[in-house]
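In: output the structure for:
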Amino acid sequence: MERMMMVVEDNSDDIVLIQRAFKKCCLGNKMVVARDGIEALEYLFEKHEDSDQQKDALPAVVLMDVKMPRMDGLETLKHIRSHSRTAYLPVVMLTSSDEERDKIQSYKLGANSYIRKPVNFDQFLAVMRQLGLYWLTINELPEQ
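Out: You can find the predicted model right below:
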């Protein structure tokens with residue numbers, strides 16, 4: 001079964017860049033995009049319209065920016081870790097922020113990794129390839 005990833009990012013250019021990088025790396029996995037933390041949580045906890053059951057499949061990994069409008073990545077991570085459904089969902093903070101307090105807070109709240117977005121496209125491509133290979137093919141997830 002093909003694994004799905006979620007990208008939580010408010011910058012449209014970065015979303016396109018991530019999509020292009022994964023396509024170029026031949027990581028054709030399905031990608032769900034949320035533009036901020038509120039959209040991410042709505043997706044993760046969305047109930048089926050005709051029942052009280054939540055979606056079955058969680059993403060294999062969430063790539064999340066730190067700085068976003070409405071609800072930032074740190075607050076979103078706090079919500080993700082506070083629910084049994086998503087407590088162990090891998091979350092990688094993928095951000096341009098190099099602020100030490102963001103790194104510390106991310107790890108305190110349970111981020112699995114903190115990665116600064118490279119500015120150079122070739123470096124960005126290399127990072128996306130490594131992220132994709134690890135989180136979408138090598139990493140083993142617990143059964144939901």
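In: give me the pLDDT value at the residue lying closest to residue 30 once chain neighbours are set aside.
Out: The shortest distance from residue 30 to any non-neighbouring residue, by C-beta to C-beta, 6 or more residues apart in numbering, is to residue 4 (4.4 Å). All C-beta spots, glycine's among them, are computed from the backbone N, C-alpha and C. Reading off the per-residue confidence, residue 4 sits at a pLDDT of 87.
In: now residue 4: how far from residue 96?
Out: Taking C-beta to C-beta, to the nearest Å as the measure, residue 4 falls 25 Å from residue 96.
In: count the neighbours of the residue nearest to residue 30 for me.
Out: A count of nearby residues for residue 4, using other C-beta atoms under 10 Å, gives 15.
In: what's the spacing between it and residue 43?
Out: As defined by C-beta to C-beta, residue 4 lies at a distance of 11 Å from residue 43.
In: so where's this protein shaky on pLDDT?
Out: Scanning the chain with the threshold set as pLDDT under 70 gives 1, 26-29, 47-56, 144.
In: for residue 95, give me phi and psi.
Out: When quoted as degrees, to the nearest 10, the phi and psi of residue 95 stand at phi -150, psi 160.
In: doesn't residue 103 make contact with it?
Out: No - taking contacts as C-beta atoms under 8 Å, residue 95 lies outside contact range of residue 103: 9.3 Å.
In: list the residues that contact both of those two?
Out: Overlap between the neighbourhoods of residue 95 and residue 103 consists of residue 114, taking contacts as C-beta atoms under 8 Å, 6 or more residues apart in numbering.
In: so what's residue 64 closest to, chain neighbours aside?
Out: residue 8 (4.1 Å).
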